[in-house]
Every structure is written in C-alpha cells, then in structure tokens.
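[1] Here is my input, please return the structure:
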Amino acid sequence: MSRIGKHPIEIPKDVQVNLEGRDISVKGKLGELAMTVVDQVDVSMEDSRITVKPRYDNKFSRNMWATTRTRINNMVLGVSKGFTRVLEVNGVGYRAAVEGQELVLQLGYSHPIRYPIPPGVTMKCERPTLIAISGYDKQEVGQIAAKIRGLRPPEPYKGKGIKYEGETILRKEGKKK
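    The predicted structure is shown next:
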C-alpha cells in the first residue's frame, strides 16, 4: 500500500477544485492549474477532501496512485501558497540582476546572459548573488531553476558557479607540487 497515496488531500477554503471525468482543475488566489488524470487511478472528491485510489491491482497503477496524489497536492499548494526556489551565485565578478522582464547574469563569459522571465513566474534578486524564483506551478519553477543553474553549474575545485540554496558541492583537491 502506498504511504503517500493513501492520505487524502485537504482543500483550503480559498481554493476551488473542479473535477469533471478525468480532468481536474484547481483555482486559487495565485492562479489556475489543470491536469488530466491517467486511467490507472480513480479520483473522488467529498466535502473538502480529494482521495486517490488505484483502479487496478498492478505495479503501474500503484506507481501512478502516489504520483497523481502528489501532483494534485502540488497544484493545491501552488495556487494557495506558491513555490520558491533560491539559487546562489558564487564566483568573483559573478552577479545577477532583474531588469524589466529579464534576468541578466554575468557569469564570467565575454557577454551578459539575458534570460526572459516567463509569465506566471517572478524573480527577485535581493543581493547580486541570490536569485529567488517564485511561482504557482512547482514543475515550472523547478525547470526554470534547473535551466539557470545549467548556464554555469558549480565546478568542483573552487565551487564557482550557480547552485541551489543548501546544495552541497563535492570539492576536489587541487594539484599538488
């Protein structure tokens, strides 16, 4: 039995959930998200709770049970509270700034990198070495953070580059004389 899938999802008061057949849409103060549920699971809604059950007794159905429950829970949390991912920029001369609808990064290349900020996502740079990415879609926020990190991933010798907040970089020892 799934440890995640068996727990019902509590719906906050300020969130509206609409379940029509296999389609579920969630609307809250931050935005609106929708998804189509796979045929392997059944989703039901009673009062202010959503429950997910596997339709068949096979491995794929049980896998999709917890996955579907987690995705619906992330939709509910996203439209009510939102998600934030923080990136740290480490390196001499490396910095980030938000200019209009673009994130401008100077990462040691010969030119600044301009990353357009998509709609539904906000970026803040309280310090030139800290980027906060916020939005209501967890997958989109994580994907944007991964793309920005991929522009200059942290290197193992000095740790220069872009890393997630709290991420530990495995450091290598430099050459010896």
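
[2] what helix or strand is Thr67 on?
    helix 59-80 (DSSP states H and E).

[3] now the first helix or strand past that helix going along the chain against helix 59-80, angle please.
    Using DSSP H and E, the helix or strand that follows helix 59-80 in sequence is strand 83-90. For strand 83-90 against helix 59-80, the angle by axes from the mean of the first three to the mean of the last three C-alpha atoms, to 10 degrees is 80 degrees.

[4] what's in contact with strand 83-90?
    Contact with strand 83-90 is made by 74, 77, 95-96, 105, 107, 128-138, 141-142, 144-145, 148-149, 154, 159-165, as judged by C-beta atoms under 8 Å, 6 or more residues apart in numbering. Backbone N, C-alpha and C define where each C-beta goes, glycine included.

[5] Of those residues, which count as buried by neighbour count?
    Buried subset of these (neighbour count, 16 or more other C-beta atoms under 10 Å): 74, 77, 96, 105, 107, 131-138, 141, 144-145, 148-149, 154, 160-163.

[6] Name the nearest residue to Lys53, ignoring sequence neighbours.
    The spatially closest residue to Lys53, leaving aside those adjacent along the chain, is Asp42, at 5.0 Å (C-beta to C-beta, 6 or more residues apart in numbering).

[7] which residues does Ile24 bridge with?
    Beta-bridge pairing for Ile24 (DSSP bridges): Leu19, Met35.

[8] Isn't it up against Leu33?
    No: counting by C-beta atoms under 8 Å, Ile24 sits too far from Leu33 to count as a contact (9.0 Å).

[9] Perfect, that will be all.
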